[in-house]
Each structure stands twice: as structure tokens, then as C-alpha cells.
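Undergrad: one predicted model, sequence on top.
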Amino acid sequence: MLKYVCISDLHAGAVTSLLTTYLAKRVPVFTRKSDVTLTFAEALKDFLQVPAKKGEHPELILLGDVVDLQFSKRSDATASAGGFLQALCDTGVLAPRVVATAGNHDHALWTDARLALEALSIGRGEDEISYLKSTPAFSETPGADSRLLTALVRDAGFDSVDFRYPNIGFAKDNRSVVLHHGHFVEPEYRMMTRVLDTLARKPRPTPTAEQLSEENAGWIDFAWSTFGDAAALGRDAEALYQNLLTSMGYRRLSAKWAEKLGEALSDRLPLAGNLSMQAALNTLAQTGLDLTIGRFRDTERYAEVDALTSSGFHELRWFLEGPVRGQIIGEEKPVEDVTFTFGHTHKPFSDRITATGFGTPVKVYNTGGWTLNGPRLGTAEGAAMVMIDDACNVASLRLFTTPENGEMIPVHIEMLTEDAPGAAEFRAELEGWLDASRDAWAALTEAAHKAYDERQQLLLQFTAGQFDTADRLEAAE
């Protein structure tokens, strides 16, 4: 029986999210459900109508970056996410409870949940305030209430949220399934842990999931989850971010910044009027920008061709062998047969990875994302819905990909193993549901194709300096 359906990286509120609706002159309207939202809800309804008629309703898992809080205005992000969740709830095919975690762009949701737990401990009059660094993966934590997310979910028609961070886990017999947004797979999001490793007098052991959460919470909140609250600064940061999505846009902006930084430095140094000195300072400033801001353009999200780079596979193996395996063992769950699901990179894939300490190669699925990172189409970007049954069999429904030569890959099922108990039956069941809902999924493919084309034109205009994000966002208000 299907127990869970998992999606991630909606980035609701972002101008390049497929959930954003555009009016004439490309003015975004976040209060109106997009065609991608409506067609996905209709396809999901058709896909799950058979189990729904039998009274079987899977729970929805939101695997992070549901609301884009880094640059987007709170009201835009919540309006867009709320409309999407309402459309899904209205299908009547999902369970009333939602399972969720936070990503880097909505990490503030976890911060809110931690504060809620702290408030509970104060209310109980405990001698020592309980400030949770993380939650168990394989069991619910009562009181871990992310109030913003809970309000969104309830307003959409669902009943409650089971919030876990940084990992969500399920187990059955000798199988474990672990889900994580994916940010801790990349070293940029473990920055404070790396700093502490460098400063330590002796080598520190591989960090646990709890350590990663504790040591990097403030860093992630600061860098990825609060700019949207910064009023006009948030708008300027959004415009900056969209330009950084393209190589030409980044080069244009960084050259301008380097010149300004060079001028500021020369004013404070001898030989301010020396042209050679000025050129050297400009070059130094450009190098500094490339080593800082430019470095973030080298993360997995911006490697557009490969679903995961060789460096990405190395970091993923590190995360599996350390924090993931440690948490599974710590919570006394099996490591013989493990499936790992993550998002974050916006590039769905499925693969087996050999990792030390597991009985068999780890089956890995990525849920992709619902936004466009850069103006190129025909990349590895796209979205998938991962499904888990009551025996911890896992499969991925590939929903859409960026168009290549005007064509998109049809919706299809990927499953890494079919020899486990009940796996073949689970695959056959999913294939039957997919065959019965082909027309609805074709409508989603068409809507996603159109949305990608619109966002490609948008990003090309960003690159050429012909489109001002801040102006368009203000017009929408």
C-alpha cells in the first residue's frame, strides 16, 4: 500500500518558480494558482483515484525549500505555497497529516520549531531549558511545531504537520528509508563545522546529523533564510541573485563591483592616481569576488548538465557513511537495505551508491525542483515525486524535465530494485495508475513546458539587463 508521496524545492514566492503566475508584461501574481499547480493537482487526483476509492490516502512529504524565504517577500511565498497546498488538499486523495522538514531556503521553519520546543520546556518549569539541536528521524517529536508551516497547511485544508529535522526516516523489517533536503550534502552548508574542524587542536570525529544541525543553524539562517524579511534590501538581493544565475550576468555585475571596490581601496592607499595601481586593485577585487560569491555558482545547483558531479557523489557518500548511517544505528534501525532521498540540487535522478557500512549499495533518489536555475534548457533540471509503500519499497515518478529541442521526456516511473518483497507488485500497481492517468500527466507536461519557456525568456532578459526584478515585484504589489 502506498504510504507517502514526497516532493521538494517548490521555491514558492521566487520569480522563477513554476508555481508563480505571470500577467501581461511579465508581472508576477503570487495569489493566483499557476497552470503547473492546477495541472499537477489534477494529475495527482487521477493517479491516486484507485487507492482513494479504497480509503487509502498517502501522506504528503514536503522535503524542504517549499517557501523561498531567502529573497522572496514572506506574503508572496506564503500565498504561492498556500495556493499549491490547497490545490493538493482539494483533490481528496491525500491524508490529512503532512510530514515536513526544512531546507536551506526555508531553514527559518526549523528555527521556529526549535523555539516552540524551548517555549514548551519553559512552560513546564523545567530546571534546564530544552533547546533541541535536531529531532529523531524515525519518530515524531511532539511540540516541534513550525507555526508558519502549520498555519499554511491548516489553511490549505490539511490537519497537522509532523515536522522533523534534518532527516526523516521510516523502517520496516531489514529496510530503512532516510529523507533529507540535501543541503548538508554540500560543504558550503557545513561551513561552521568546517571552521570548527580547522580550529580544533586534534581531529574531530565525523559529525552527527545533530552536530551538523547545531553548528550550522545560525549560518544557514543568516545566509539563506532571512533576506526576504529585509524590505527593499530583499528586493535588491533578489535582483542580484537572478543575475548571478547566468555567467554573463555574474560577469557584468562582478566587474562593476570590482571597479567600485578598487576605487574604494585606492582612496585609502598611497598612489591613488596611479593607473597601474588602480588596475591591480581592480584585479584583486575581482579575484576576491570570484573566490567568495563566485564560488557559490560552482555548487551542485549550477552544474546544469550532470545530475550530480563527481565531487557531488563524493560528498554524498561522505554524508551517507557518516551522519546518515550514524543516525540509523543510533535510533536502532537496520542498515542492511537503505534508500536515501534528497532534493536541493533541482536535478532528479536515481542511482545506486556503494558506501561503507551498508549491507548493499544505497539506493538514491533525488526529487528535483520546481524552478529554473538559468536560461539554458535541455539541462538535467526537472522534478520528480518519490513514493514509499508500507514495506519501504521506493519508486520515483519523473514529472517533468526542462525541454530539449522543444521536447520533454514523458512522465515515467523509475525504480532501482524489484527483487525485494512486494517490490514487483508495487511497481505494477504504480504503472497501472500511471496508464490510467496519462492524459492528465500530459497536461502537466504541456504546462511545465510553457512555464519553462517563459522563465527562460525572463532570465535572458535579466542577463541582457533588460528586465528589473525589483521593478516587476513592486508592480505586482
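TA: Yep, it's here.
Undergrad: pull the contacting residues for Thr78.
TA: Taking CB atoms under 8 Å, 6 or more residues apart in numbering as the criterion, Thr78 is in contact with 12-13, 67, 148, 152. Any C-beta I mention is one placed from the backbone N, CA and C, and that applies to glycine too.
Undergrad: JSON lines for those residues, including distance to Asp389?
TA: What follows is the contacts of Thr78, written out as JSON lines (distance: CB to CB, whole Å):
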{"residue": "Ala12", "distance to Asp389": "28"}
{"residue": "Gly13", "distance to Asp389": "33"}
{"residue": "Val67", "distance to Asp389": "29"}
{"residue": "Leu148", "distance to Asp389": "31"}
{"residue": "Leu152", "distance to Asp389": "27"}
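Undergrad: between those, which is closest to Phe30?
TA: Ranked by distance to Phe30 (CB to CB), the contacts of Thr78 are led by Gly13 at 6.3 Å.
Undergrad: surely that closest one and Asp65 touch.
TA: No. Judged on CB atoms under 8 Å, Gly13 makes no contact with Asp65 at a distance of 10.7 Å.
Undergrad: neighbour count winner among the two?
TA: Applying other CB atoms under 10 Å to Gly13 and Asp65 shows that Asp65 carries more neighbours, namely 33 against 30.
Undergrad: quick check, that one in a strand?
TA: No. Secondary structure assignment (DSSP: H, G, I helix; E, B strand; the rest coil) places Asp65 in coil, not in a strand.
Undergrad: need the contact list for it.
TA: By CB under 8 Å, 6+ apart, the contact set of Asp65 is 8-11, 103-106, 181, 343-344, 369.
Undergrad: now do it against Ala14, distance only.
TA: Per CB to CB, to the nearest Å, Asp65 is found 9 Å from Ala14.
Undergrad: likewise for Leu2?
TA: Leu2 sits 30 Å away from Ala14 when distances are taken as CB to CB.
Undergrad: which of these two has more residues huddled nearby?
TA: The neighbour comparison of Leu2 against Ala14 (other CB under 10 Å) goes to Ala14, with 30 against 21.
Undergrad: wait, isn't the more buried one in contact with Gly369?
TA: No. Counting by CB under 8 Å, Ala14 does not reach Gly369; the two are 10.2 Å apart.
Undergrad: quick one, domains of the chain?
TA: 2-225+318-476, 232-296 (automatic domain parsing).
Undergrad: now the contacts of Asp65 in a markdown table, with pLDDT and secondary structure?
TA: As requested, these are exported to a markdown table (pLDDT from 0 to 100; DSSP: H, G, I helix; E, B strand; the rest coil):
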| residue | pLDDT | secondary structure |
| --- | --- | --- |
| Ser8 | 98 | coil |
| Asp9 | 98 | coil |
| Leu10 | 98 | coil |
| His11 | 96 | coil |
| Gly103 | 97 | coil |
| Asn104 | 94 | coil |
| His105 | 93 | coil |
| Asp106 | 95 | coil |
| His181 | 98 | coil |
| Gly343 | 98 | coil |
| His344 | 96 | coil |
| Gly369 | 97 | coil |
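Undergrad: how about the backbone phi and psi for Leu44?
TA: Backbone geometry at Leu44, expressed as degrees, to the nearest 10, gives phi -60, psi -40.
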